[in-house]
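K.L.:
Sequence and predicted structure are below.
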Amino acid sequence: MQGILAFVVLGLAAGVLSGLIGIGGGIIIIPALVFFFGFEQHRASGTTLALMIPPIGILAALEYYKKGFVDVKAAALICAGFVIGGMIGGRFATSLPAVTLQRAFGVFLLAIAIKMIVTAK
């Protein structure tokens, strides 16, 4: 039961942060699965991708849409690219060693963090 509750709490935290500041759940969920739940990097990435299958962000997106903060055309076009890009990225990622994938993810997060800190206005 503790494992079930921990996964639900992780999802709740990622959902709140996603709705609050627009971060992708993967920035929260993937590191949590690796470091707190002991998932291997590929399993963490695959699990996070699998949870995006249902429209989990629909209610948060609806709130933003009601306030006029959603560009539907841009979202649809990005979604189309994401579907194809996800397939390509998934094929490539599953061919890499776990340590390489984990390091690449860390470098990506670090680069984004540095960019956001340096360019904050």
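P.N.:
Structure's in. What do you need? It should be emphasised that the depicted structure is a prediction, and the values quoted were computed from it without experimental measurement. Numbering: from 1, shown residues only.
K.L.:
use CA for all of it now, contacts and neighbours both
P.N.:
Fine.
K.L.:
Quick check: which element contains the residue most central in space within the chain?
P.N.:
In the chain, the residue lying closest to the centroid (C-alpha atoms, centre = their mean) is G26, at 2.3 Å. If you go by DSSP states H and E, G26 is part of helix 25-35.
K.L.:
and the following helix or strand past that helix with helix 25-35, angle?
P.N.:
Next along the chain after helix 25-35, taking DSSP H and E as the criterion, comes helix 41-51. Taking axes from the mean of the first three to the mean of the last three C-alpha atoms, to 10 degrees, one finds helix 41-51 and helix 25-35 inclined to each other by 140 degrees.
K.L.:
Next, count neighbours for the residue lying closest to the residue nearest to the centre of the chain once chain neighbours are set aside.
P.N.:
Spatial nearest neighbour of G26, excluding adjacent residues (C-alpha to C-alpha, 6 or more residues apart in numbering): T48 at 6.3 Å. By other C-alpha atoms under 10 Å, 18 other residues sit near T48.
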